[in-house]
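S.K.: Provided below for reference: sequence and predicted model.
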Amino acid sequence: MFVADTNVLVHAALSSSPHHARAAAALSEWRSSDSDWFATWPILYEFLRVVTHPAVAERPLSLADGHRFVDVLLRTPRFRVLVESERHDDVLRDVAAECPWVRGSLLHDFHTAVLMREHGVKEIRTADSDFLKFRFLRVVNPLVS
């Protein structure tokens, strides 16, 4: 079980990315796997923000094309979106106590980490080294060998 982070999805979707081949191969493997894997709605919206942004993507996708990519994920049998449960605030409080240094831009990653703790998911596949700050997570970068 793991969460796929925005950056890996972006590299898989954008053929102009220097990491496209590796990210696309990882995504293909995950989609055909018997293991559960996840994202969050904020990750999926951030994916859409990045792949449609002309200042970020060499050849940005249209919103419709970006949504088609997301829709394929959502129809993948072992893929799920982690959402807040009734115990979310308690988990948030616990993680905040463990990580009192979190502020500003790190709150997006903090939200992902809280959702992961809430749902018992311990691994995130990402190229974002900020996740290493959350010591309760296992961080795997699928874009390096």
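M.R.: Received it, and whenever you're ready, just let me know what you need. Numbering: from 1, shown residues only.

S.K.: And residue 88, how close does it get to residue 79?
M.R.: Applying C-beta to C-beta, to the nearest Å, the value for residue 88 to residue 79 is 21 Å. Every C-beta, even on glycine, is put in place using the N, C-alpha and C of the backbone.

S.K.: Have a look at these two and say which one is more surrounded.
M.R.: Between residue 88 and residue 79, counted using other C-beta atoms under 10 Å, the more crowded position is residue 79 (17 against 14).

S.K.: And the residue of the chain positioned farthest from its centre, how far from residue 82?
M.R.: In the chain, residue 97 marks the outermost C-alpha relative to the chain mean, sitting 23.4 Å out by C-alpha atoms, centre = their mean. Distance of residue 97 to residue 82, given as C-beta to C-beta: 21 Å.

S.K.: can you check residue 68 too?
M.R.: For residue 68, the distance to residue 82 - C-beta to C-beta - is 22 Å.

S.K.: hang on, residue 116 packs against residue 125?
M.R.: No - if you go by C-beta atoms under 8 Å, residue 116 and residue 125 don't touch, sitting 11.7 Å apart.

S.K.: circling back: now do the residue farthest from the centre of the chain against residue 139, distance only.
M.R.: Where residue 139 is concerned, residue 97 sits at a distance of 21 Å (C-beta to C-beta).

S.K.: before we move on, what about residue 94?
M.R.: 20 Å.

S.K.: more crowded one of these two?
M.R.: A count of neighbours by other C-beta under 10 Å puts residue 139 above the other of residue 94 and residue 139, at 17 against 14.

S.K.: does the more buried one sit in a helix, a strand or a coil?
M.R.: Counting by DSSP: H, G, I helix; E, B strand; the rest coil, the backbone at residue 139 sits in strand.

S.K.: The residue nearest to it when sequence neighbours are not counted - how many residues pack around it?
M.R.: Leaving aside its chain neighbours, residue 139 sits nearest to residue 131 (4.7 Å; criterion: C-beta to C-beta, 6 or more residues apart in numbering). Residue 131 is flanked by 22 other residues according to other C-beta under 10 Å.
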